[in-house]
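A.B. asks: Predicted model follows, preceded by the sequence.
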Number of protein chains: 2
Amino acid sequence: MNERHDTKTKILDAAEKLFGEKGFDATSLRDITTEADVNLAAVNYHFQSKDSLIEATIMRGAGPVNDKRLAMLDAAGPKPTIEQIVEAFVGPVLEQDFMPMAPLMARVLASPETMQRVFKQLIETMSRRFADAIGVALPELSPAERMWRLQFTAGAMAHTVTRGPVMRELFGGVLDFKDRKLLIARLVKFAAAGFRAPEVH
Amino acid sequence: MNERHDTKTKILDAAEKLFGEKGFDATSLRDITTEADVNLAAVNYHFQSKDSLIEATIMRGAGPVNDKRLAMLDAAGPKPTIEQIVEAFVGPVLEQDFMPMAPLMARVLASPETMQRVFKQLIETMSRRFADAIGVALPELSPAERMWRLQFTAGAMAHTVTRGPVMRELFGGVLDFKDRKLLIARLVKFAAAGFRAPEVH
DNA sequence: GTCTATAGGTTGATAGAC
DNA sequence: GTCTATCAACCTATAGAC
């Protein structure tokens, strides 16, 4: 059951890789079972449908990342600075270059349908939790401004992950992708300054 | 040839609508020809393939928007402020709610493949042009930091357009989408403050 | 649990009459 | 330029033997 290379795990590994590389629509179950070296029918046995497989693949990867985000937020204590909050929000996502998970996350962020279906509750939970923390750090911001700026930050983060390959190709000469710590520091600096700006009325 | 409702135009109108609503992969040529009330074979007569149709649809809409962005940048004069630059960058994109073009743009921004294939040169041109303007407004920023912050801003903008419907559903109570001018002002304020932050080293 | 075989449906693209 | 008819290539999902 908990074998490292059982059929179910092999399918999830292959799905994670291929969904990330080609997207959900463009990846067929045949692609996945070929890559995983298992039989086609195994997908419908272990998962009920392609949609369920997509959901399971996302959930397996997204859980740990979001746990880490919340852990970092908690670790910052009861009165975190806006820099600490932003770092907890974007750091774990931008750090995940140890796995083929990053491209998959990018696909999720880039697919309104998938996001709607699978990610809605995760996003809602995270957004409210972080918006609350920002309310403590920057009480002078209205709830609306707070949420908008959090969404702007989420967008900058998502764009960096999603469009990484394209950006690398176009601006690889000037943009450094290898130093993740520096990249995170850049985004934290940028977003924190944005959060500290006087409110628009 | 320049009739308002010729077959070619009807196909492009339907494609713009449906690609925006459902995405490129999920929209079949049959969906489009049904919506346009033209024959299926007309697509392959007027355009050669589905990919060419996608490209033509994007180009018809993206041209005017990018023209407006550059026009606003020029209108700001030889020494624009960072606020003027950001507004020229994000304003025309966030303003386009007069047409079904907005969801289509969102789909393009959300599809690495399509972006890579069709949008690369457009993005490159725009990014370099705006990065140059930022160099004038904020000469103390290094070229790398300048380009990163422009990409962060592009991400915040893209996210706002792309995830609009989801955000509206989740946070519609607190986020106001109707007042576009206010939304643009919020993003300009946020991003301009980010650009003005001291550089990371 | 794993396989083969196949049902049942869709798709993009084209040939050829008009 | 517009149509009908159709092809060949995919797809997801399942039934049923082992």
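C.D. replies: Perfect, thanks for sending it. Numbering: from 1, shown residues only, chains lettered A, B, ... in the order given.

A.B. asks: From one end of stretch A:39-50 to the other, what's the distance?
C.D. replies: Length of stretch A:39-50, first residue to last, Cα to Cα, to the nearest Å: 15 Å.

A.B. asks: Briefly note if it comes near chain B.
C.D. replies: No: remark: stretch A:39-50 sits outside contact range of chain B, by Cβ under 8 Å from any Cβ of the partner chain, the gap being at least 13.3 Å. (Each C-beta comes from the backbone N, C-alpha and C, glycine too.)

A.B. asks: anything in the helix or strand of chain A with the lowest mean pLDDT near DNA strand D?
C.D. replies: When the helices and strands of chain A are compared on mean pLDDT, DSSP states H and E, helix A:101-110 comes out lowest with a mean of 74. No: among the residues of helix A:101-110, none lie within reach of DNA strand D under Cβ under 7 Å from any atom of the strand; the closest is 14.7 Å away.

A.B. asks: wait, does that helix make contact with chain B?
C.D. replies: Yes: counting by Cβ under 8 Å from any Cβ, chain B has neighbours in helix A:101-110: A:Ala106, A:Ala110.

A.B. asks: Now do that helix and helix B:101-109, the angle between them.
C.D. replies: Inter-element angle recorded for helix A:101-110 and helix B:101-109: 170 degrees (by axes from the mean of the first three to the mean of the last three Cα atoms, to 10 degrees).

A.B. asks: got the buried residues for helix A:101-110?
C.D. replies: A:Met101, A:Ala102, A:Pro103, A:Leu104, A:Met105, A:Ala106, A:Arg107, A:Val108, A:Leu109, A:Ala110 (16 or more other Cβ atoms under 10 Å in any protein chain shown).

A.B. asks: Kindly report the same for stretch A:51-70.
C.D. replies: Those would be A:53-58, A:60-62, A:65-66, A:68-69, for stretch A:51-70 by 16+ other Cβ under 10 Å.

A.B. asks: for those, which one is nearest DNA strand D?
C.D. replies: Top of the list for closeness to DNA strand D, among these and by Cβ to the nearest atom of the strand, is A:Leu53 at 7.5 Å.

A.B. asks: List the contacts of that closest one.
C.D. replies: A:Ile11, A:Ala15, A:Leu29, A:Ile32, A:Val43, A:Phe47 (Cβ atoms under 8 Å, 6 or more residues apart in numbering or on different chains).

A.B. asks: Using JSON lines, lay out these together with pLDDT.
C.D. replies: JSON lines is the format used below for the contacts of A:Leu53 (pLDDT from 0 to 100):
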{"residue": "A:Ile11", "pLDDT": "97"}
{"residue": "A:Ala15", "pLDDT": "96"}
{"residue": "A:Leu29", "pLDDT": "97"}
{"residue": "A:Ile32", "pLDDT": "97"}
{"residue": "A:Val43", "pLDDT": "98"}
{"residue": "A:Phe47", "pLDDT": "97"}
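
A.B. asks: got CSV for these, with neighbour count, distance to DNA strand C and secondary structure too?
C.D. replies: Formatted as CSV, these follow (neighbours: other Cβ atoms under 10 Å in any protein chain shown; distance: Cβ to the nearest atom of the strand, whole Å; DSSP: H, G, I helix; E, B strand; the rest coil):
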residue, neighbour count, distance to DNA strand C, secondary structure
A:Ile11, 24, 9, helix
A:Ala15, 28, 15, helix
A:Leu29, 18, 10, helix
A:Ile32, 26, 13, helix
A:Val43, 24, 10, helix
A:Phe47, 20, 11, coil
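
A.B. asks: where does chain A have low pLDDT?
C.D. replies: Low-confidence segments of chain A, defined by pLDDT under 70: A:1-4, A:97-102.

A.B. asks: what ranges do the helices span in it?
C.D. replies: For chain A, helices defined by DSSP state H occupy the ranges A:7-22, A:29-36, A:41-46, A:50-75, A:82-95, A:101-110, A:112-114, A:120-137, A:143-162, A:164-171, A:180-196.

A.B. asks: and the ones you listed as TSV, adding distance to B:Val90?
C.D. replies: Output for the helices of chain A, formatted as TSV (distance: least, Cβ to Cβ, whole Å):
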stretch	distance to B:Val90
helix A:7-22	29
helix A:29-36	38
helix A:41-46	43
helix A:50-75	27
helix A:82-95	20
helix A:101-110	19
helix A:112-114	20
helix A:120-137	21
helix A:143-162	10
helix A:164-171	18
helix A:180-196	13
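
A.B. asks: can you tell me which residues contact A:Lys79?
C.D. replies: So A:Lys79 contacts A:Val136, A:Ala137 (Cβ under 8 Å, 6+ apart).

A.B. asks: follow-up on the earlier one: extract the CA atoms of the least confident helix or strand of chain A and return them as CSV.
C.D. replies: Extracted C-alpha coordinates of helix A:101-110, given in CSV (Å, rounded to 0.1, in the frame of the first residue of the first chain):
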residue,chain,number,x,y,z
MET,A,101,5.5,20.4,-8.9
ALA,A,102,6.3,24.0,-9.9
PRO,A,103,5.1,23.7,-13.5
LEU,A,104,2.0,21.9,-12.3
MET,A,105,1.2,24.7,-9.9
ALA,A,106,1.7,27.1,-12.7
ARG,A,107,-0.9,25.1,-14.8
VAL,A,108,-3.4,25.3,-12.0
LEU,A,109,-2.9,29.0,-11.5
ALA,A,110,-3.3,29.4,-15.3
